[in-house]
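Q: attaching a predicted model along with its sequence, questions to come.
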Amino acid sequence: MDMSQHTLETLFEQLGLDSSPEAIDLFIQQHPLEDSVLLPDAPFWNEGQRSFLRESWKRDSSWSPIVDNLNTLLRDPANEAQAQPALSPL
């Protein structure tokens, strides 16, 4: 099991996205999520990204806290991209 500490930057790299702080901030601003949409079901993910996000939550992997953080940030883009990981479940 991978026990390394993940960051938004490493999550964006894992998802195949630009991981610069500016690109992360822009992504968050351009992809707000409504409360009724689960993060993996958002229309802007490709199938591989969707699968990774879903499995991260389902398996409660070491990625889960930072995936939760991204979920929170996309629901409230006014948050800063470097916010602490949210611990709320899917």
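A: Looks like it came in fine.
Q: list the contacts for Ile66?
A: When contacts are counted by Cβ atoms under 8 Å, 6 or more residues apart in numbering, Ile66 touches 6-8, 10-11, 85. (Glycine included, C-beta is placed from N, CA and C.)
Q: could you find the closest non-adjacent residue to it?
A: Take Ile66 and drop its neighbours on the chain: the residue closest to it by Cβ to Cβ, 6 or more residues apart in numbering is His6, 4.5 Å away.
Q: right, and the one you found touches Ser62 too?
A: Yes: in terms of Cβ atoms under 8 Å, His6 counts as a neighbour of Ser62; the distance is 6.4 Å.
Q: look at those two and report which has more neighbours.
A: His6 (20 against 14; other Cβ atoms under 10 Å).
Q: residue contacts, the more buried one?
A: 14, 62-63, 65-66 are the contacts of His6 under Cβ under 8 Å, 6+ apart.
Q: try it again with 10 Å
A: 13-14, 56, 61-67, 69, 85 (Cβ atoms under 10 Å, 6 or more residues apart in numbering).
Q: coming back round to it: min pLDDT across the contacts of Ile66, which one?
A: Of all the contacts of Ile66, Pro85 has the smallest pLDDT value, namely 42.
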